[in-house]
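Asks: sequence first, predicted coordinates after that:
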Amino acid sequence: MNTIVESRPVASEITLLRIAAPKIARKHRAGQFVMVRVAEVGERIPLTIADSDPEAGTITIVVQAVGKTTEMLTSLGVGDEILDLAGPLGTPSEVEDFGTVIVVGGGVGTAVSYPTAVALSKAGNSVISIIGGRSQENLFFEDELAAVSTELHVCTDDGSAGRRGLVTDALADVLAATTVDRVLCAGPVVMMEAVAEVTRPYDVPTVASLNPIMVDGTGMCGGCRVSVDGTNYFACLDGPDFDAHLVDFPLLAQRNRAYVDFEAKRREAMQPCAAVSVDVEAAT
Amino acid sequence: MSERTRRERMKLDPVEMPERSADSRRTDFGEVNEGYTAELAMAEAERCLFCARPTCVEGCPVGVDIVNFVHRVEAGEFEEAAAVISADNSLPAVCGRVCPQETQCEGACGLAKKGKAIHIGHLERFVADYARDHDHAPAPVPSPTGKRVAIVGSGPSGIACASDLVGLGHEVTVFEALHEVGGVLAYGIPEFRLPKSIVAAEMDQLRARGVRFETNAVIGMVDTVDDLLSVEGYDAVFIGVGAGLPRFLNVPGENLIGVFSASEFLTRVNLMRAYVEDSDTALIEVEGKAVVVFGAGNTAMDAARTAVRLDAASVTIAYRRSREEMPARTEELDHAEAEGVRFETLVGPVELHGDDDGRLTGVMLQKMILGEPDADGRRSPVPVPEQIREIPVDVAIVAIGNTPNPLLLRATPDLEQSKWGTVVVDHDTGQTSKPGVFAGGDIVTGGATVILAMGAGRRAAAAIGEFLGSSAELEEELL
């Protein structure tokens, strides 16, 4: 069950895993995720399904090693099995022919925006992709995105690939030059919040794929509640996509920091010598 | 049966359940009740008057032949007693521990008026544990009918339904969304009240009888109910997915860090074992903290007593009504109180406050008085104007009930639902608006009890049995 059929690094500390999961592959729609557990005492974490192949019966997830569970996942090799894999979960992204859409992916969020870019392209949209990372070594899926996009903008903090700057810089330029019908973004909370602010003056419908902490992923615990236009929603059931102009991003950022201390301790316990850097937002 | 007369029996004092001292048990998750010995069980059974009209049986939602099994216990025939219970109850070791006996069998006992009702729950628990410890053989299954039933949800209703259907010779597969089977028995009810090993043993009995379990199967998202019927070839489907969507207070500050649904708090602790040192599942710091639980049902008590065991500095139950209206089992209230849980009644939370990091620091409690009875006959709490005060709180747990989880129902649009999102069924059969599809438990009733869900699962199993029987006859005719 859940056998890994491919495992390869796609960027620094980011690994792509292709997993035999025929039923999930058959049902998957862009925007959905799986819940994963790798050990008997392990936690359940949500990971977006980056790609699926119904014929081969596989799904792809892209994992950034940021905590104990993600580190264990990235250390698995071909032939290894994932203990528990449940999905597809979440409401699929809205996909129709909107016209021209911009898909923004920041960091490992590119794995979230990629399947939606593919689906939007298939639906007839003209897709403009923007991806960003700290440095060239943090980027991935450039070729894959280029294949489904009319334009691909690459941004890095240090200018080692594409333009030096943030995804929002590229986004602002595209919006100034082109009529855009919809924007979709996935990545760190601060990035999604910034994207929403850039698109707001243009009044472009903007969707963010949110990444709150989850336990069960099926609506049972309510830990993933997010506030959208003042109303609470469960991201696992009603999302993860929400209207970015109405999401309370500061609240999401705050709630995602709930277990920072615990995460740091866990990772320290696992790798006593390694430098500890915790980025709770990168897990999804 | 001993030769004691009815009069003599009535004079005997109830045999209380031996339990660990509050001081000892509040430091770990070990079971609180220690269980009867054979001698204690027989002594308790000896008090039964064997009424000509056994009202206790009428009080049991699944109609266990209580008089018969108690009679066997008195005679020391524990295996036989187990067989009597098993005929009507698929999870006796669980029900003996979690049923609200005082409002069911024991409440209906002829001795209840004198406050000396037979401890039927304790006896049931003893018999079930005895049978398990003595490798009581699983009930036999008849030759296969060739009919296949899919059960969605491995909680009490699904398990009871599965048990009866496999007993009719049908092939049964139980689908569970989580990685562990048992539903609320696994994620909700804590170890100290219902040890996981007890649940595991009950599941093993079902496996031994041929029931298949598929975990991580989120029906509605992976296979739909229609897929189960048309693609996977099941002849009938039972939906027992529970009321798995937590209700929140809907007051300001509810999204602060440190505010949880009871489901999240208990899931992290029970299912994910967050209380174990090497668990990877995070839990908010409870040790040395002030914890408040909103609500006063069994789940609220479970959450409060879990917080006690995680070494909270204080644990307070805040409830809008008075002690009398608290819906939890009497034993849970008594145990919680003995373990140091403080009961603050006639208060309702109106606002939660936090610090600059968004962490909970306090709750504003509104004083209430009891007004007119509501639709349920319970007196409704009414706010007393200008009587609001703040208490310091680090962790708040919301245990005010659950609503039906829409996940499966959204994927089954042709299933008739009530305005509350529950599935509409025929009460006697569990038949839904969709042919071949039955439902029972909390997804039909809204949040209720283990035993009521089991009763619904059993009624549905009987109806599914008839449905499959008649469809088999129909197929034969067509051939």
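Replies: Received the coordinates, thanks. Numbers count the residues shown, from 1 in each chain, chains lettered A, B, ... in the order given.
Asks: now do the contacts for the closest residue to B:Tyr234 other than its chain neighbours.
Replies: Excluding the flanking residues, the one nearest B:Tyr234 by Cβ to Cβ, 6 or more residues apart in numbering or on different chains is B:Ala150, at 4.2 Å. (C-beta placed from N, C-alpha, C; glycine too.) Shown in contact with B:Ala150 (Cβ atoms under 8 Å, 6 or more residues apart in numbering or on different chains): B:Thr173, B:Phe175, B:Ile219, B:Leu228, B:Glu232, B:Tyr234, B:Ala236, B:Val237, B:Phe238.
Asks: ok, and the most crowded of these?
Replies: B:Phe238 (31 neighbours; other Cβ atoms under 10 Å in any protein chain shown).
Asks: any idea which helix or strand carries it?
Replies: strand B:236-239 (DSSP states H and E).
Asks: B:Arg148 - nearest residue in space that isn't next to it in sequence?
Replies: B:Glu171 (4.5 Å).
Asks: and that neighbour, its phi and psi?
Replies: The phi/psi pair for B:Glu171 (degrees, to the nearest 10) reads phi -90, psi 130.
Asks: contacts only, for it.
Replies: Here B:Glu171 is in contact with B:Pro144, B:Thr145, B:Gly146, B:Lys147, B:Arg148, B:Val149, B:Gly210, B:Arg212 (Cβ under 8 Å, 6+ apart).
Asks: of those, grab the buried ones for PyMOL.
Replies: Buried residues within the contacts of B:Glu171, by 16 or more other Cβ atoms under 10 Å in any protein chain shown, are selected in PyMOL with:
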select buried, chain B and resi 145+147+148+149+210
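Asks: same list, the contacts of B:Glu171, but as JSON lines with secondary structure and distance to A:Ala20 please.
Replies: Listed next are the contacts of B:Glu171 as JSON lines, based on DSSP: H, G, I helix; E, B strand; the rest coil; distance: Cβ to Cβ, whole Å:
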{"residue": "B:Pro144", "secondary structure": "coil", "distance to A:Ala20": "31"}
{"residue": "B:Thr145", "secondary structure": "coil", "distance to A:Ala20": "33"}
{"residue": "B:Gly146", "secondary structure": "coil", "distance to A:Ala20": "31"}
{"residue": "B:Lys147", "secondary structure": "coil", "distance to A:Ala20": "31"}
{"residue": "B:Arg148", "secondary structure": "strand", "distance to A:Ala20": "25"}
{"residue": "B:Val149", "secondary structure": "strand", "distance to A:Ala20": "28"}
{"residue": "B:Gly210", "secondary structure": "coil", "distance to A:Ala20": "27"}
{"residue": "B:Arg212", "secondary structure": "strand", "distance to A:Ala20": "21"}
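Asks: double-check that B:Val166 belongs to a helix.
Replies: Yes. Counting by DSSP: H, G, I helix; E, B strand; the rest coil, B:Val166 is found in a helix.
Asks: against A:Thr150, how distant is it?
Replies: Separation of B:Val166 from A:Thr150 (Cβ to Cβ, to the nearest Å): 58 Å.
Asks: and what of B:Ile369?
Replies: Relative to A:Thr150, B:Ile369 is positioned 67 Å away (Cβ to Cβ).
Asks: just to revisit the earlier point, next, give phi and psi for the residue nearest to B:Tyr234.
Replies: The phi/psi pair for B:Ala150 (degrees, to the nearest 10) is phi -100, psi 130.
Asks: and the gap between the residue nearest to A:Asp229 when sequence neighbours are not counted and chain B?
Replies: Excluding its sequence neighbours, the residue lying closest to A:Asp229 (Cβ to Cβ, 6+ apart) is A:Leu246, at 4.0 Å. Counting by Cβ to the nearest Cβ, to the nearest Å, the gap from A:Leu246 to chain B is 15 Å.
Asks: what score does A:Leu246 have for pLDDT?
Replies: A:Leu246 carries a pLDDT value of 98.
Asks: over to B:Asp278?
Replies: We note a pLDDT of 81 for B:Asp278 in this prediction.
Asks: just checking, it touches A:Glu40?
Replies: No. The pair B:Asp278 / A:Glu40 is not scored as a contact, 9.8 Å apart, by Cβ atoms under 8 Å.
Asks: ok, how many other residues are close to B:Thr27?
Replies: 10.
Asks: having no further points to raise, I will conclude here.
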